[in-house]
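> need a 3D model of the sequence below.
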Amino acid sequence: MPIFELHEGKMKPVAETTFSSEGLKERTDLQRLLRDHIEVISPDTMVLAEEYGEWEDSSRRIDLLGLDREANLVVVELKRSETGGHMELQAIRYAAMVSEMTFDQAVEAHAAYLSRRQQERDARAAILDFLEWDEPDEDHFAQTVRIVLASAEFSKEVTTAVLWLNQSGLDIRCVRLRPYKIQGQIVVDVQQVIPLPEATEYQVRARAKAQLERASREGRWDEPRLMKAIEAKRGPVAMRVAKDILDWVQSRASRVWWGKGAQSGSFIPVWDMPEDEYIFFSVRSEGVVEVLFYWMSRRAPFSDDPLRRELLERLNRIPQCKIPESALGGKPKFPLDLLGAKESLDLFKDTIEWAVKRADVTSKDVGQTPAVR
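Okay, the predicted model is just below:
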């Protein structure tokens, strides 16, 4: 679809051009520009590394390696060609190569990137700040790898392959960068063509549900191991509280997801609704409750700050629980010991029940019956 310029009451088509005819190269021009403005093709993403290739027996390098707000890795592959070549195959290889990246490896990659660009920033602090984490969380870091393909155009072979791969559970986005020339200036029409923007949210939800189910099947943590770890870290009171919460959510939540971190574990109750799934907290092997404001902030109705603020205020009614308002977009923690008294534990349960009911109301507002048992 061409772009038109309105001029003297008439619609004049803007002349389309190509990157190659304008002397723009993939690495020295497109890659450099998108590196500094990654939000153009991948919103809510930070660039971890450029030309990343820290693996053995391979000379292949990722154009741009990023990290999104959900702590997923993002492989960005760029082409200035009119077909996209075989970029989807290259990107899948790269995604497989970085799929086991740890938080510390990401820090190393980002430190090298900052050094090459002569930027005096602490790589670890930069990543934690972007994710709004107080400390590394291997349970949630790089649980999946997203792929973004950016090209002037995509052949039918590429789009057919990407559509099929997305149906099979991958997360690949095709972003078309089409250059035009207006009065000697180059303008670029940026369009996400796969998936269509209106279908993106549905696909993200379906993929997230499948990932949770797969992680639950493959998880290395279970109740005995988690309770043993909590007792070792925080003592018998914390373990008793964790066991009580687990018994309680197993009779109320739709399911429980068990973390699969190598060093630390957790369980997360999940409430399924027709329009989305809801998680409010996790109980971690360190002997703490982690309130997932970060996750809630991306789901209605908790995307509204006042509602999350009310949830925070309700939690702060628990004696000695003091979650700061600055944590409304993060993942604050408090010790399980604070729930040692029956009154405190009941207050925590009532607060979560209140949050579930708010999610229930949201589902009913769209004419659905919630699937919470």
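> name the SS class of residue 306, please.
helix (DSSP: H, G, I helix; E, B strand; the rest coil).
> helix, strand or coil for the residue most central in space within the chain?
Central residue check for the chain by CA atoms, centre = their mean: the C-alpha nearest the mean position is that of residue 70, 2.1 Å away. Secondary structure, three-state DSSP: residue 70 is coil.
> so for it, what's the pLDDT?
As predicted, residue 70 sits at a pLDDT of 87.
> ok, residue 137 next?
Confidence score, pLDDT, at residue 137: 81.
> hmm, it is touching residue 71, no?
Yes - counting by CB atoms under 8 Å, residue 137 touches residue 71, with 7.5 Å between them. (Glycine included, C-beta is placed from N, CA and C.)
> rewinding a little: list phi and psi for the residue nearest to the centre of the chain.
phi -90, psi 10 (degrees, to the nearest 10).
> also residue 14?
Dihedral angles for residue 14 - degrees, to the nearest 10 - are phi -80, psi 140.
> could you break the protein into its assigned domains?
4-195, 212-365 (automatic domain parsing).
> quick one: the helices in the stretch 51-200 of the chain?
87-98, 103-116, 123-131, 156-167, 197-218 (DSSP state H, counting those that start in this stretch).
> now the fourth one: mean pLDDT?
To tie it back to what came earlier, the one meant is helix 156-167. 89.
> now do that helix: distance to the chain's middle.
Relative to its chain's centre, helix 156-167 lies at 22 Å (CA atoms, centre = their mean, to the nearest Å).
> so which bits of it are buried?
The neighbour-count check on helix 156-167 (16 or more other CB atoms under 10 Å) flags 158-159, 161-162, 166 as buried.
> then the first one?
When neighbours are counted by 16+ other CB under 10 Å, the buried residues of helix 87-98 are found to be 87-88, 90-92, 94-95, 97-98.
> ok, these vs residue 284, which is closest?
The closest of the buried residues of helix 87-98 to residue 284 turns out to be residue 98 (CB to CB; 25.9 Å).
> do you know the pLDDT at residue 304?
With respect to pLDDT, residue 304 scores 88.
> what's the burial count for it?
11 (other CB atoms under 10 Å).
> for it, phi and psi?
Dihedral angles (degrees, to the nearest 10) for residue 304: phi -80, psi 120.
> quick one: it and residue 357, what's the gap?
The spacing between residue 304 and residue 357, counted by CB to CB, to the nearest Å, is 16 Å.
> ok, now which ones touch the residue lying closest to residue 124 once chain neighbours are set aside?
Using CB to CB, 6 or more residues apart in numbering and skipping residues adjacent in sequence, the residue nearest residue 124 is residue 107, 4.8 Å away. Shown in contact with residue 107 (CB atoms under 8 Å, 6 or more residues apart in numbering): 123-124, 127.
> tell me the most packed of the residues you listed, by neighbour count.
residue 127 (22 neighbours).
> and that one, what does it touch?
46, 48, 67, 103, 106-107, 110.
> biggest separation within these, which pair?
The widest separation within those (CB to CB) is 13.9 Å, between 46 and 103.
> let me know the closest of the buried residues of helix 156-167 to residue 4.
Comparing these against residue 4 with CB to CB places residue 159 closest, at 25.5 Å.
> any idea how far residue 195 is from the closest one?
11 Å.
> and what of residue 353?
36 Å.
> compare these two (neighbour count), which wins?
residue 195 (19 against 12).
> worst-scoring helix or strand of the protein, pLDDT-wise?
helix 197-218 (a mean of 52; mean pLDDT, DSSP states H and E).
> pLDDT (mean, whole number) over the helix or strand that that helix is followed by?
Elements were assigned by DSSP states H and E; along the chain past helix 197-218, the next helix or strand is helix 223-234. Averaging pLDDT along helix 223-234 gives 93.
> does anything pack onto helix 223-234? Which helices or strands?
helix 236-250, strand 266-272 (3 or more CB pairs under 8 Å, 6 or more residues apart in numbering; DSSP states H and E).
> next, the buried residues of the longest one.
With burial defined by 16+ other CB under 10 Å, the residues of helix 236-250 counted as buried are 237-243, 245-246, 248-249.
> low pLDDT regions in the stretch 1-150 of the chain?
1, 26-27, 55-59, 80-85 (pLDDT under 70).
> need the residues that contact the lengthiest helix in the chain.
Taking DSSP state H as the criterion, the chain has its longest helix at helix 342-365. The contact list for helix 342-365 (CB under 8 Å, 6+ apart) reads 241, 244-245, 248, 252, 271, 273-275, 278, 280-281, 289, 300-302, 307, 311, 314-315, 317-319, 338-339, 369-370, 372.
> buried ones in that helix?
344-345, 347-349, 351-352, 355-356, 358-360, 362-363.
> let me know the closest of those residues to residue 11.
residue 362 (43.0 Å).
> residue ranges in the stretch 251-373 of the chain under the pLDDT threshold?
262, 361-373.
> do that again at 80, thanks
For the stretch 251-373 of the chain, applying pLDDT under 80 flags the ranges 260-263, 274-275, 360-373.
> the longest helix of the chain vs strand 266-272, what angle?
40 degrees (axes from the mean of the first three to the mean of the last three CA atoms, to 10 degrees).
> and the angle for helix 342-365 with helix 236-250?
30 degrees.
> from the chain's centre, how far out does helix 342-365 sit?
On CA atoms, centre = their mean, the centre of helix 342-365 falls 25 Å from that of its chain.
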